[in-house]
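Chemist: Using only what follows, build the 3D model:
(chains A and B)
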Amino acid sequence: MNVVGYLVNAISLGALYALIAVSVGLVFGVLRQINLAQGEVITFGAYSLWLMRSLPTWLAIVLCFAVCIAGSLLLQVAVFRPLRGASALTTLVATFGVSYGLEALWLIIFGPSGNTVSMLTNLNNTVVGGAVALRWVTLVEIGVAAVLLGGLLLLLFRTSLGMRMRAVAEDLRAARLVGVRIGQVVTWAFVLSGASAAVVAVLATVQTPLVTPTFGLNLIIFALVGVVLGGLDHLGRATAGGFIIGFVNSLLGSILPEQELVFVTSLTFLFVVVVLVVRPAGLLAPRSADVERV
Amino acid sequence: MSESADHGHLLACREVTVAFAGLRALNAVSLTLDRAEIIGLIGPNGAGKTTLVNAMSGFASITHGSVWLDGVEISRLSPERRAHRGLARTFQHGRLFGDLSARENVELGAIAVGCSAREARRRTHALLEEVGLLELAASPASELSHGDQQRVSVARAVVAEPAVLLLDEPAAGLPAEGLGELGSLVEHARSVRGAGVVVIDHNVEFVLGLSDRVVVLDHGEVLTEGTPAHVRGHAGVAAAYFGTVGTDEAATRTVPVP
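Modeler: Modelled structure (predicted):
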C-alpha cells in the first residue's frame, strides 16, 4: 500500500497544482502576461468560504465561485486593462505589487493567525488506513482535476470560444485582423481563470483548513515554478509542469526521513534548476524551442 | 464616424494620404469600388499598393483623406470593427494560425464576424470542397504546402461573406493550376453577396485576367485606371512598371515586389 499511497497522494497534489497552472496559463495564453496576483484570488475565495461558513455548503461554494470570478475580472479591469501595451515585465511587477498589497489587506482584515474553514470535513476521512493514509479529498482532487481538465480540452477544441482563444493565444494581431473580438476572449480567459481559482480554493481549504494571508501565495509560487518548468507558452505543457511540481514535491515529502522534511522545498527547486539548465525552454517544450544559454 | 448619402459606391477612398516618418507612401489617392466589381491594383515595387489596402482595412493610419464603406466613413475604425462591417482581407504571407487545422482557420473567419458555429461549419465545408481541400481539412495549417496555405487564407476571408474582399498577393507561390481555384474562390465571393474585390498580385497577367478595372499606382499616386485592355496599352504604365515599352511579353512577367 505504501508505494500506491505515495503515488496517489503525489498525483493528487500534482492535480491541484495543475489546476493552479491552468488558472495562470489561461490568462498568459491570451495576453502573454503573468498574473502574479492570481494567488490572491485563491486567498479571496478561501476567505469567502470562511465568511460564508454559516450558509449551506453548496451555497458557500457557489458564492466562492462568484467571488473568485469577480476578483479575477477586477484584476483584469484594474490592472491589466490600464497596462495594455505595457511590457510583460511591467505587468509582472504591477501584479506583484497588487499581490503584496492584497496580502497586507488580508492581514489587516483577518489577522495573522488564520481562520479555519470547517467545510466538507468528511472528505478528510481516510479511505484506506495504514502507514500511508489515503483521504477522500485526495481522490476527489484527482477526480475533479480530471473532469475539469477534460472539460477545458473540450472547450478549447470543440467550441467556437475555444477556437477563438487558441487563435488569440497563437497570434493576437492576426486574430484581430480576422475580426476576433479580443476583449471578449480576454474576458472569458479571466472568467475561466477565476473559476479555476475557486475550485483550487475549495479543494485546498478542505486539505488545509487554516486560511492565512499567504494561503494562495504559497500555492501560486509553486505552481508558477511548475508552469516555467513545463513551458510557459503552451497551456498543456504549463499544466503538465504544474502537475510535475506537485507530484515531485509530494513524493519527496513522502520518501524523505522526517528529520529531513525541511529540505523538500529546496530539493524541489534544485530539481527545477537542474531541469532548466538542461532544457531552458522547459522540460516539456520541443528541443528546438530551447533558448541559447549565455 | 460621419455618414454621407452622396457616396453611391461600396467602398471609396477619398484623397487618402499615408505618411511614415515624413515619407509619403500614398499621396492623395482616390479610388472607388462598386458591388460585384473586381479591381486589380498594380504598380512597381514601393508604389503603395499594400499601404493602400492597409489604409482601407485599418492597418495603416491615414494622414489625410477618408475611407468610406457603404456611405459610412470608417477611417477611424479599428480593423476588428471594419471586419465586422463587412471588410475582409488576406495577407502577403497568409498569416494562418499554424496550430489550428485548415478547417478551423476557415471556420474562424466566419465565427469571428458573428456567424453561428453551425453556419460557419456549413460554409467552411462548401468552400473547402470547392477548392479541393476537404481531404486536408483536419491537417494543422502549419503542415500545409504554401499553395494550400494561400488557398486556406483566401477561403478564410471569403467565408465571412464580406461586402469587400481585399486580397494581398493571393497567388504568390501558387502553381499555374492553382490559379483557377483561386479565381473560383474570388468569383464565389462576388456571386454570393455581390462582394467588391480588390486584388494585388505579382502575377500581372492573373490580375489583368481577373479584374473588371485596373488601377495603376506609382510612387504613391494613381498613374492611370481603366479596363485591363486600356492598362495593357498605356505607355506610361509600361514605362513605370516594366521600365520599357509595353509588350505582351512584358505584361506576363511576374514582377517581384518586396
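Chemist: Need the residues that contact the helix or strand encompassing B:Trp68.
Modeler: Per DSSP states H and E: B:Trp68 is located in strand B:64-69. Strand B:64-69 has contacts (C-beta atoms under 8 Å, 6 or more residues apart in numbering or on different chains) with B:4, B:7, B:9-17, B:28-30, B:55-56, B:73-75, B:82, B:85-87, B:163-164. Heads up, the C-betas are built off the backbone N, CA and C, glycines and all.
Chemist: Could you rerun that using 7 Å?
Modeler: Outside strand B:64-69, the residues within contact range by C-beta atoms under 7 Å, 6 or more residues apart in numbering or on different chains are B:7, B:11-17, B:28, B:55-56, B:73-75, B:85, B:87, B:164.
Chemist: Kindly report the same for stretch B:116-134.
Modeler: Outside stretch B:116-134, the residues that touch it by C-beta under 7 Å, 6+ apart are A:160, B:102-103, B:106-107, B:110-111, B:137, B:148, B:151-152, B:155, B:158-159, B:181, B:184-185, B:188.
Chemist: Stretch B:202-217 now?
Modeler: Outside stretch B:202-217, the residues that reach it (C-beta under 7 Å, 6+ apart) are B:31, B:37-43, B:47-49, B:52, B:169, B:171-172, B:179, B:183, B:186, B:199, B:201, B:222-228, B:231-232, B:237, B:251-257.
Chemist: If we go by neighbour counts, what in that stretch is buried?
Modeler: By 16 or more other C-beta atoms under 10 Å in any protein chain shown, the buried positions in stretch B:202-217 come out as B:202-208, B:210-211, B:213-217.
Chemist: Inside helices: which ones of these?
Modeler: Using DSSP state H to define helices, the subset of these located there is B:204-208, B:210.
Chemist: Show me which positions of the helix or strand containing A:Arg176 end up buried.
Modeler: Using DSSP H and E, A:Arg176 maps to helix A:172-178. For helix A:172-178, the neighbour count (16+ other C-beta under 10 Å) marks A:172, A:174-178 as buried.
Chemist: Tell me the helices and strands packed up against it.
Modeler: helix A:182-207, helix B:79-84 (3 or more C-beta pairs under 7 Å, 6 or more residues apart in numbering or on different chains; DSSP states H and E).
Chemist: what do you get if the cut-off is 8 Å, keeping everything else the same?
Modeler: helix A:160-170, helix A:182-207, helix B:79-84 (3 or more C-beta pairs under 8 Å, 6 or more residues apart in numbering or on different chains; DSSP states H and E).
Chemist: wait, which of those helices is closest to A:Asn9?
Modeler: Each of the helices and strands packed on helix A:172-178 has some distance to A:Asn9 by C-beta to C-beta; the shortest is helix A:182-207, at 10.5 Å.
Chemist: partners of the helix or strand following that closest one in the sheet?
Modeler: Following helix A:182-207 in sequence order, the next helix or strand is strand A:210-211 (DSSP H and E). Partner strands and pairing direction for strand A:210-211 (DSSP bridges) are strand A:115-116 (antiparallel).
Chemist: Mind giving me the packing neighbours of whichever helix or strand comes after the partner strand?
Modeler: The helix or strand immediately downstream of strand A:115-116 is strand A:126-128, counting by DSSP H and E. On a contact count with 3+ C-beta pairs under 8 Å, 6+ apart, strand A:126-128 meets strand A:134-135, helix A:136-158.
Chemist: hey, which of those is tucked in deepest?
Modeler: Ranked by mean neighbour count, those are led by strand A:134-135 with a mean of 19 (mean count of other C-beta atoms under 10 Å in any protein chain shown).
Chemist: Output the contacting helices and strands for that one.
Modeler: Strand A:134-135 is packed against helix A:2-31, strand A:126-128, with contacts defined by 3+ C-beta pairs under 8 Å, 6+ apart.
Chemist: contacting residues around whichever residue of chain A sits closest to chain B?
Modeler: Proximity of chain A to chain B (C-beta to the nearest C-beta) peaks at A:Gly179, 3.1 Å away. Each residue near A:Gly179 by C-beta under 8 Å, 6+ apart is listed here: B:79-80, B:83-84, B:88, B:109, B:112-113, B:160.
Chemist: could you redo the last one with a cut-off of 6 Å?
Modeler: Going by C-beta atoms under 6 Å, 6 or more residues apart in numbering or on different chains, A:Gly179 touches B:80, B:83-84, B:112-113.
Chemist: Is stretch B:81-94 positioned near chain A?
Modeler: Yes: Stretch B:81-94 reaches chain A (C-beta under 6 Å from any C-beta of the partner chain) through B:83-84.
Chemist: Pull out the buried positions in that stretch.
Modeler: Applying 16+ other C-beta under 10 Å to stretch B:81-94 flags B:82-92, B:94 as buried.
Chemist: Export it to PDB, keeping only CA atoms.
Modeler: Only the C-alpha atoms of stretch B:81-94 are listed here, as PDB (Å, rounded to 0.1, in the frame of the first residue of the first chain):
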ATOM      1  CA  ARG B  81     -14.700  46.900 -36.400                       C
ATOM      2  CA  ARG B  82     -14.100  47.200 -40.100                       C
ATOM      3  CA  ALA B  83     -14.100  43.300 -40.300                       C
ATOM      4  CA  HIS B  84     -17.500  43.300 -38.500                       C
ATOM      5  CA  ARG B  85     -18.800  45.900 -41.000                       C
ATOM      6  CA  GLY B  86     -18.100  43.500 -43.900                       C
ATOM      7  CA  LEU B  87     -14.500  44.200 -44.900                       C
ATOM      8  CA  ALA B  88     -12.200  41.100 -45.100                       C
ATOM      9  CA  ARG B  89      -8.600  40.900 -46.200                       C
ATOM     10  CA  THR B  90      -5.800  38.400 -46.700                       C
ATOM     11  CA  PHE B  91      -2.100  39.000 -46.100                       C
ATOM     12  CA  GLN B  92       1.000  38.600 -48.200                       C
ATOM     13  CA  HIS B  93       2.200  35.700 -46.100                       C
ATOM     14  CA  GLY B  94      -1.100  34.100 -45.400                       C
END
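Chemist: who's in contact with that stretch?
Modeler: Outside stretch B:81-94, the residues that touch it by C-beta under 6 Å, 6+ apart are A:179, B:57-58, B:69, B:74, B:113, B:149-150, B:153-154, B:157, B:160, B:162-170.
Chemist: try 8 Å
Modeler: Residues outside stretch B:81-94 that contact it (C-beta under 8 Å, 6+ apart): A:174, A:177-179, B:11, B:50, B:53, B:56-58, B:69-70, B:72, B:74, B:77, B:109, B:112-114, B:149-150, B:152-154, B:156-158, B:160, B:162-170, B:172.
Chemist: The one helix or strand in chain A whose mean pLDDT sits lowest: how far from the chain's middle?
Modeler: Lowest on mean pLDDT, DSSP states H and E among the helices and strands of chain A sits strand A:126-128, with a mean of 76. Strand A:126-128 sits 26 Å away from the centroid of its parent chain (C-alpha atoms, centre = their mean, to the nearest Å).
Chemist: Name every strand pairing with it and say which way it goes.
Modeler: As defined by DSSP bridges, the strand partners of strand A:126-128 come to strand A:134-135 (antiparallel).
Chemist: pLDDT averaged over the strand it pairs with - what is it?
Modeler: Mean pLDDT, strand A:134-135: 80.
Chemist: again with stretch A:237-254
Modeler: The average pLDDT for stretch A:237-254 rounds to 88.
Chemist: Render the CA-only coordinates of it in PDB, please.
Modeler: Listed next in PDB are the C-alpha coordinates belonging to stretch A:237-254 (Å, rounded to 0.1, in the frame of the first residue of the first chain):
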ATOM      1  CA  ARG A 237       2.800  21.900 -21.100                       C
ATOM      2  CA  ALA A 238       2.300  24.500 -18.400                       C
ATOM      3  CA  THR A 239      -0.400  22.400 -16.800                       C
ATOM      4  CA  ALA A 240       1.700  19.300 -17.000                       C
ATOM      5  CA  GLY A 241       4.600  21.300 -15.400                       C
ATOM      6  CA  GLY A 242       2.200  22.200 -12.600                       C
ATOM      7  CA  PHE A 243       1.400  18.600 -12.200                       C
ATOM      8  CA  ILE A 244       5.000  17.600 -12.100                       C
ATOM      9  CA  ILE A 245       6.000  20.100  -9.500                       C
ATOM     10  CA  GLY A 246       3.200  18.900  -7.200                       C
ATOM     11  CA  PHE A 247       4.000  15.300  -7.900                       C
ATOM     12  CA  VAL A 248       7.700  15.700  -7.100                       C
ATOM     13  CA  ASN A 249       7.000  17.800  -4.100                       C
ATOM     14  CA  SER A 250       4.600  15.300  -2.600                       C
ATOM     15  CA  LEU A 251       6.900  12.400  -3.400                       C
ATOM     16  CA  LEU A 252       9.900  14.000  -1.800                       C
ATOM     17  CA  GLY A 253       7.700  14.700   1.300                       C
ATOM     18  CA  SER A 254       6.800  11.000   1.400                       C
END
